[in-house]
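> predicted model and sequence follow; I will ask about them next.
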Amino acid sequence: MSPPVSAAWQKQPIVIAASATIPPYVIEKKDTGIQLNIIKAALIEQGLDNIVVIYMSNKRAEQQLHSGNVDILLNYAGKRGAGIYPSQPVLSYKNVAVSLKKRNFTIETINELNNKSVLGFQNATAYLPPPFAKGVAQFASYEEVVNQRAQVDRLMKDWVDVIILDERIFHYYNNDYAHSLPVNIHPIFPKAPRPAYFNNAVLQKTFDKGLLSIKAKGKYQQIMSGNH
């Protein structure tokens with residue numbers, strides 16, 4: 001008989017791989033953030049408190065998950081092969097298009113990005129619905145950046161017409177921006193549920209139990225609202 005999951009994993013750290021550039025979901029300097037704190041809380045709820053967080057690019061993190069060097073991955077853009085197990089949704093991202101109000105753009109569909117200069121986040125064409133990737137050829141220009149603070153900076157300097165990013169991430173950076181201008185937020189994408197990804201089905205199922213438990217106890221809601 002195999003030992004309980006808590007006994008099996010408490011002997012060694014559970015390693016979480018995360019991108020360092022997605023506040024308020026992940027904040028590297030403090031090893032905190034909404035998404036990271038939910039995952040930690042769900043594991044701790046199941047008695048798994050030996051947790052290590054390491055930071056790397058999404059592409060490298062996917063490779064490390066497949067090779068078994070990390071146990072949990074926050075975001076996965078590639079095509080999942082055998083042996084990768086997504087959890088129940090940890091939370092949902094709300095990707096939006098953002099433009100300066102003074103430009104007076106009407107953007108209600110992806111097609112209305114045509115002939116505009118667009119700046120997306122890293123791997124946006126993989127994360128967003130397929131019509132976005134197909135439509136990129138019709139944009140006046142399209143780039144992706146790792147540093148999402150740079151997206152806000154370029155928009156406020158009027159260097160691009162539209163930026164594509166999660167709404168919470170936009171507000172996080174915009175609130176700290178010294179010369180912020182009024183914007184229009186265009187909700188042209190559906191909400192995107194984000195599970196955590198595991199390379200062990202037992203650990204994934206254990207995590208899901210912890211996630212359900214912290215929701216029932218109100219801990220999940222406290223983390224989402226920042227009261228934790």
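Structure received.
> so, low pLDDT: which residues of the chain?
Along the chain, segments meeting pLDDT under 70 span 1-10, 78, 227-228.
> give me the most central residue, it.
Centroid-nearest residue in the chain, with C-alpha atoms, centre = their mean: N75, separated by 5.8 Å.
> in the chain, which spans are strands?
For the chain, the strands defined by DSSP state E occupy 14-18, 21-22, 26-27, 51-55, 72-73, 85-86, 91-93, 95-100, 117-121, 141-145, 162-166, 183-186, 192-194, 197-198.
> would you list the ones you listed in JSON lines and tack on distance to Y127 and mean neighbour count?
Backbone N, C-alpha and C define where each C-beta goes, glycine included. Formatted as JSON lines, these follow (distance: least, C-beta to C-beta, whole Å; neighbours: other C-beta atoms under 10 Å):
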{"stretch": "strand 14-18", "distance to Y127": "15", "mean neighbour count": "23"}
{"stretch": "strand 21-22", "distance to Y127": "12", "mean neighbour count": "24"}
{"stretch": "strand 26-27", "distance to Y127": "15", "mean neighbour count": "21"}
{"stretch": "strand 51-55", "distance to Y127": "19", "mean neighbour count": "16"}
{"stretch": "strand 72-73", "distance to Y127": "14", "mean neighbour count": "24"}
{"stretch": "strand 85-86", "distance to Y127": "14", "mean neighbour count": "18"}
{"stretch": "strand 91-93", "distance to Y127": "8", "mean neighbour count": "17"}
{"stretch": "strand 95-100", "distance to Y127": "8", "mean neighbour count": "22"}
{"stretch": "strand 117-121", "distance to Y127": "8", "mean neighbour count": "22"}
{"stretch": "strand 141-145", "distance to Y127": "10", "mean neighbour count": "16"}
{"stretch": "strand 162-166", "distance to Y127": "10", "mean neighbour count": "25"}
{"stretch": "strand 183-186", "distance to Y127": "17", "mean neighbour count": "17"}
{"stretch": "strand 192-194", "distance to Y127": "7", "mean neighbour count": "16"}
{"stretch": "strand 197-198", "distance to Y127": "13", "mean neighbour count": "23"}
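> quick one: closest of these to G218.
strand 91-93 (15.7 Å; C-beta to C-beta).
> who are the packing partners of that closest one?
Contacts defined by 3 or more C-beta pairs under 8 Å, 6 or more residues apart in numbering; DSSP states H and E place strand 91-93 against helix 34-45, strand 192-194.
> these: which one's closest to I163?
Here strand 192-194 is closest among the helices and strands packed on strand 91-93 (C-beta to C-beta), at 16.7 Å.
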